[in-house]
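**Q** Build me a model from this:
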Amino acid sequence: MNSLLPRLDASQLPRLQSFLPEAPLAEPAIGIVHLGLGNFHRAHQAIYTEEAMLAAGGDWGICGVTVLDEPAMQDALAAQDNLYTVLTSDRDGLQARVVRSIRRVLVAPRQQSEVIAQMCDPRVRIVSLTVTEKGYCYDARTGGLDFAHPFIVHDLAHPDQPKSVPGYLVAALRQRRTNPFTVLSCDNLAHNGTILRKVVLQFATALDPELGEWIASSVHFPSTMVDRIVPATTDDTRERVAAMTGVFDAWPVPGEAFRQWVIEDDFPLGRPAWEKAGAMLVDDVIPYELAKLRMLNGTHSTMAYLGVLAGFETVDAAIADPDMHRLIHHMMTHEIAPTLTVPADFDRLAYRDQLLTRYANPNLKHRTMQIASDGSLKLPPRLLGVISERLAAGLPCGGAILAVAAWMRFLLRRTDAGERYEIADPMAARLTALADASEGDNARLMEALLGVAEIFPAALSARTDLRQLIGQNLELLSRQGAREALARFR
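**A** Numbering: from 1, shown residues only. Model prediction:
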């Protein structure tokens, strides 16, 4: 079917007016370079930025940069004049929208000098990032830059030919001393601006102490909280978009209708009028980011690990299970919400109910295996903080501990039905080796994984109450399976 349709590009815009905002968009110059061009950015910040330009003008076109050596998205968007479709859904149906804010796409490993030159363009006032937790080269054990990371080792020796995200930022900032851009982290990471600032400063100081001092005093790193569930693109996504629009889009983006962006308002060189697109500009992002990381992401990870083991392929299928729904509702209400310090107008239980409704969206098909990736990085901010606080206060947190036990079982790479799978994690080789070495012995599995200092703080892993509860859950998961563990949870 798609081969008979015209390809999405600028020539098709006149016939796609019903899928565009009514206001015309001028041809904006590039004012933002975004590192980590993926589905989330295209369904989130790119739309906010387009709507801000439609409402208030400004040259805030985006140059999207893929940080991995994967040119497929660049190739797909180049053939479409960098246009693409966002397919949003809720329980009532689907809506399509063509997005025009991305003006250029680069692949960093193949276009290194062009990426740095674009970042050094004085018209660029913001460099934003969605590179996931592992893109920061952050060492959880030291709370700073991982100086042993091979990209960091390379970049300190060859600062003009960077491979790492900190390396790219510093390479460009070295040339932007008169008007440094603002560095805006949009990753799903607690204190994201603070962490990014720390790793950049440590890298720059190791390279040139004077440069580090200048960045510390002159470059701003506002924090953000971002929220929108954005699954991977599938052939079904492409077919739905084609049926709705009458054109073929090689790389549309599926996403839920809900979206949220909370931004620390700290942009010396200016910013798009994101508030006119619905973003919240605040003095302190932390209460919002912690609520999202624990309430949404913590329960997402819980559904992911238990869901993969139990055979639930998507979040909507998982939350439709009465026992899973009861567990997630309990965790949000009794374990997570009490740990949050939020503004007076933030209703924790209303947020819980909103999340449960979002999870049940039958049109998203957000795969549990996708959410289960990079668990070594996600577990500490999403679940272990809740466990640490609750146990220290002598309070129960059985749901979060069951989730951690499910993650340990997940590393054995076999569902309860015996189906094999592979895991995606920066520590995959080490973690799976530890899991395999346990040879099915739950006590050995727990001891080995609790000993991974990059994930489990020593004070937490040493707690006998934690060990007892994880051990009990591992026995239940291994003997009875995830569905029975869910049924027995009280």
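
**Q** care to break the chain down by domain?
**A** Structural domains annotated on the chain: 2-282, 286-488, as defined by automatic domain parsing.

**Q** Make a markdown table from these and add mean pLDDT and mean neighbour count to it.
**A** For the C-beta atoms, the positions are set from N, CA and C on the backbone; glycine is no exception. As requested, the domains of the chain are exported to a markdown table (pLDDT from 0 to 100; neighbours: other Cβ atoms under 10 Å):
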| stretch | mean pLDDT | mean neighbour count |
| --- | --- | --- |
| domain 2-282 | 96 | 19 |
| domain 286-488 | 97 | 19 |
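
**Q** And the contacts of stretch 293-303?
**A** Counting contacts by Cβ atoms under 8 Å, 6 or more residues apart in numbering, the residues outside stretch 293-303 that touch it are 188, 190, 227, 312, 315, 318-319, 324, 327-328, 331-332, 336-337, 339-340, 348, 351-352, 355, 359, 368, 371-372, 375, 378-379, 381-383, 385-386, 399-400, 402-403, 406-407.

**Q** from these, which ones fall inside helices?
**A** Among the contacts of stretch 293-303, the subset assigned to helices under DSSP state H consists of 315, 318-319, 324, 327-328, 348, 351-352, 355, 359, 368, 371, 375, 378-379, 385-386, 399-400, 402-403, 406-407.

**Q** ok, Asp92 to Thr234 distance?
**A** Distance check for Asp92 against Thr234: by Cβ to Cβ, to the nearest Å, it reads 21 Å.

**Q** One more: Gln111?
**A** Noted for Gln111: a distance of 28 Å to Thr234, by Cβ to Cβ.

**Q** Same check on Leu4?
**A** 20 Å.

**Q** try Arg7
**A** 19 Å.

**Q** Glu133 now?
**A** 24 Å.

**Q** go on, Ala257?
**A** Applying Cβ to Cβ to Ala257 and Thr234 gives a distance of 19 Å.

**Q** What of Leu281?
**A** Relative to Thr234, and taking Cβ to Cβ, Leu281 is found at 35 Å.

**Q** Who are the contact partners of the residue nearest to the spatial centre of the chain?
**A** In the chain, the C-alpha nearest the mean C-alpha coordinate belongs to Asn188, at 4.4 Å (Cα atoms, centre = their mean). If a contact means Cβ under 8 Å, 6+ apart, then Asn188 has 132-133, 226, 292-293, 297 as its contacts.

**Q** any idea how far Ala10 is from the closest residue to Ala96 other than its chain neighbours?
**A** With sequence-adjacent residues excluded and distances taken as Cβ to Cβ, 6 or more residues apart in numbering, Ala96 is closest to Met244, at 4.7 Å. From Met244 over to Ala10 the distance is 19 Å, taken as Cβ to Cβ.

**Q** So which residues of the stretch 201-350 of the chain form helices?
**A** When assigned using DSSP state H, counting those that start in this stretch, the helices of the stretch 201-350 of the chain occupy the ranges 209-218, 235-245, 286-291, 298-310, 315-320, 322-330, 348-359.

**Q** One more: the stretch 1-150 of the chain?
**A** Using DSSP H, counting those that start in this stretch, the helices of the stretch 1-150 of the chain run over 39-43, 45-56, 72-78, 112-120, 150-157.

**Q** Quick one: those as JSON lines, columns for distance to Ile30 too.
**A** Written out in JSON lines, the entries for the helices of the stretch 1-150 of the chain read as follows (distance: least, Cβ to Cβ, whole Å):
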{"stretch": "helix 39-43", "distance to Ile30": "15"}
{"stretch": "helix 45-56", "distance to Ile30": "11"}
{"stretch": "helix 72-78", "distance to Ile30": "15"}
{"stretch": "helix 112-120", "distance to Ile30": "7"}
{"stretch": "helix 150-157", "distance to Ile30": "25"}
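
**Q** closest to Asp265 out of those helices?
**A** helix 45-56 (13.6 Å; Cβ to Cβ).

**Q** Report the distance from the closest one to the chain centre.
**A** Between the mean C-alpha point of helix 45-56 and the mean C-alpha point of its chain there is a distance of 21 Å (Cα atoms, centre = their mean, to the nearest Å).
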